[in-house]
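> with the sequence up front, the predicted model follows.
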Amino acid sequence: MSGSEQTPEADLLAAAPDPDDGLPPAEAFALLGNETRIDILQALWRAPEQPVAFSALRKRVGMRDSAQFNYHLSKLTDHFVRSTDDGYEFQYAGEKVVRAILAGTFTDRVTLEFPVSGECFDCGAALEGRYSDERLGVRCSACETTYGRYAFPPGGLRDRTDAEVASAFDQRVRHLHCLAADGVCPECGGRMATEVTPDDEDRLDLDVRVDHTCEQCQHTISSPVGLSLLDDATVVAFHAEHGVDLTSTEHWTLGWCVTDETTSYDPDCDRISVAITLDGETLTVALDGELRVVDTERSCEGADGENHAAV
């Protein structure tokens, strides 16, 4: 009953771009292995405007030796920063390096546990958030059933209350899956393929799961089928009619979203259906193998206990 992200290292290396297409990765990272060069990138980031003139950038770094400063700056030029007639500005790679530093991706090591809203769908105990290994997950405090665990930069914990961290995590998971479902890898921007498959190896302890896998970097996001319906217009409207704002309801509190107890899968027809029940009314959403909604049906439970199609 969970979602997860993974990037198999062997597959990642096999799918890496040919070094002949640009600077070899080892050389690119070697260029950053110097404190002055990192200071240059951070000083450029803090500058109020870009491009920044050579002298102004040197002053920001606090380095008196102009020749030495020029040497380190030249090592970054064309790969992490670019030289223009008016000074220096970022290349995309340079911005990524600084953002990774600010996010704590390479430097921070944090372990944290805190209460979150919702109850376990298995045993009814309270849920908790647990942060470790740069990943945040929601799990049951008693039986430890997990309702999703995804990458979350350590910087996202700074200056936030427990409730704000939980909300940020909820929104991040939603956006990661939206990108993946739209075929864009949230890690490298590559093409992402979607597959609905039986969870035979119990990766998520489900009967059926969704895998979004990048064809370029092999980054994979796995989740229950219901998670793909969080931004579906019909599902959002159905909840609104029953007084539930789906956009602000944390996804792990929705059983149809983080479990597959109301999900059915017919591999022969490549068809999946998810049933969502609120106040005695059920919305059944049918999807194809690429998670496109192909049909919806609403039904109400009558006095006889039978479901009747809603008018």
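Cool, the structure landed. Numbering: from 1, shown residues only.
> identify the residue spatially nearest to the spatially most central residue of the chain, adjacent ones excluded.
Nearest to the mean C-alpha position of the chain, counting by Cα atoms, centre = their mean, stands residue 176 at 3.6 Å. Nearest residue to residue 176, sequence neighbours excluded (Cβ to Cβ, 6 or more residues apart in numbering): residue 186, at 5.0 Å. The C-beta positions use only the backbone N, C-alpha and C, and glycine is treated the same way.
> helix/strand/coil for that neighbour?
At residue 186 the chain is in coil, as set by DSSP: H, G, I helix; E, B strand; the rest coil.
> residues near it, how many?
When neighbours are defined as other Cβ atoms under 10 Å, residue 186 has 19 of them.
> distance check, it against residue 198.
Per Cβ to Cβ, to the nearest Å, residue 186 is found 25 Å from residue 198.
> for residue 68, same thing?
Distance, residue 68 to residue 198, using Cβ to Cβ: 61 Å.
> same check on residue 230?
For residue 230, the distance to residue 198 (Cβ to Cβ) stands at 23 Å.
> these two: who's more crowded?
Neighbour comparison, residue 230 and residue 198: the larger count goes to residue 230, with 19 against 11 (by other Cβ under 10 Å).
> picking up where we left off before, what pLDDT, on average, does the helix or strand hosting the residue nearest to the centre of the chain get?
Secondary structure from DSSP states H and E places residue 176 in helix 162-181. For helix 162-181, mean pLDDT rounds to 95.
> can you give me the helices in the stretch 101-250 of the chain?
Ranges of helices in the stretch 101-250 of the chain, per DSSP state H, counting those that start in this stretch, are 162-181, 233-241.
> got these as TSV, with distance to residue 260 columns?
Converted to TSV, the helices of the stretch 101-250 of the chain look like this (distance: least, Cβ to Cβ, whole Å):
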stretch	distance to residue 260
helix 162-181	16
helix 233-241	16
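> and among these, the most buried is which?
Highest mean neighbour count among the helices of the stretch 101-250 of the chain (mean count of other Cβ atoms under 10 Å): helix 162-181, with a mean of 18.
> in this structure residue 46 contacts residue 60, no?
Yes. Applying Cβ atoms under 8 Å, one finds residue 46 in contact with residue 60, separated by 7.1 Å.
> of those two, which one has the most company?
The neighbour comparison of residue 46 against residue 60 (other Cβ under 10 Å) goes to residue 60, with 16 against 10.
> end to end, how far does stretch 184-201 reach?
Taking Cα to Cα, to the nearest Å, the first and last residues of stretch 184-201 lie 26 Å apart.
> list of residues touching it?
7, 175-176, 179-181, 183, 205-217, 219, 221, 225, 265, 267, 270, 272, 289-291 (Cβ atoms under 8 Å, 6 or more residues apart in numbering).
> report the buried members of those.
Among these, those classed as buried by 16 or more other Cβ atoms under 10 Å are 176, 179-181, 206-214, 216-217, 219, 221, 225, 265, 272, 289, 291.
> contacts for stretch 261-275 next, please.
Stretch 261-275 is contacted by residues 121, 196, 198, 207-208, 224-226, 229, 255-256, 276-277, 282-289, 294 when judged by Cβ under 8 Å, 6+ apart.
> pull out the buried residues from it.
By neighbour count on 16+ other Cβ under 10 Å, the buried set for stretch 261-275 is 262, 263, 265, 271, 272, 273, 274, 275.
> residues contacting the residue nearest to the centre of the chain?
If you count contacts by Cβ under 8 Å, 6+ apart, residue 176 has them with 5, 150, 186, 221.
> can you rerun that using 10 Å?
Counting by Cβ atoms under 10 Å, 6 or more residues apart in numbering, residue 176 touches 3, 5, 150, 151, 185, 186, 187, 212, 221, 223.
> I'm done for today, thanks for sticking with me.
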